[in-house]
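In: Sequence first, predicted model second:
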Amino acid sequence: MKIIPHRESFLFLDEVVSLNEGKDVVKKRVGEDEFWVKGHFPNFAVCPGVLALEMLAQAGAIYILYLRKRRQDCIVWRG
């Protein structure tokens, strides 16, 4: 929540495990109380593809903003 502006109920990532150059690891815990579990294929919980894409986009945004901040922190001013 400190990195991207998304909030409940549209923040789909639960945890950023690690951020490294070339790799971004995030977690999403899926529970029975998720709004899309109840109506999307009742009795057979399947994550809708559009939500999986949104999760991927959020992970990508976190990674891009991380790289941007890291590069800004490394700028050396020469006069």
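Out: Alright, I've got the coordinates.
In: ok, the nearest residue to Leu67 once chain neighbours are set aside - how many residues close by?
Out: Leaving aside its chain neighbours, Leu67 sits nearest to Glu21 (7.7 Å; criterion: C-beta to C-beta, 6 or more residues apart in numbering). All C-beta atoms are positioned from the backbone trio N, CA, C, and that covers glycine. Applying other C-beta atoms under 10 Å, we find 9 residues neighbouring Glu21.
In: Roughly how far does Glu21 sit from Phe41?
Out: Distance from Glu21 to Phe41, counting by C-beta to C-beta, to the nearest Å: 39 Å.
In: Next: Asn20.
Out: As judged by C-beta to C-beta, Asn20 and Phe41 stand 36 Å apart.
In: so where's this protein shaky on pLDDT?
Out: Low-confidence segments of the chain (pLDDT under 70): 1, 5, 39-40, 73-79.
In: Which other helices and strands does the longest helix along the chain contact?
Out: Counting residues, the longest helix in the chain under DSSP state H turns out to be helix 49-73. Applying 3 or more C-beta pairs under 8 Å, 6 or more residues apart in numbering; DSSP states H and E, we find helix 49-73 packed against strand 15-20, strand 23-27.
In: got the CA positions of whichever helix or strand comes after the shortest one in CSV?
Out: In this case it means strand 23-27. Next helix or strand after strand 23-27 toward the C-terminus (DSSP states H and E): helix 35-39. C-alpha atoms of helix 35-39 as CSV (Å, rounded to 0.1, in the frame of the first residue of the first chain):
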residue,chain,number,x,y,z
PHE,A,35,-15.7,-11.6,-3.6
TRP,A,36,-15.0,-13.6,-6.9
VAL,A,37,-15.0,-17.0,-5.3
LYS,A,38,-18.7,-17.1,-4.4
GLY,A,39,-20.1,-16.4,-7.9
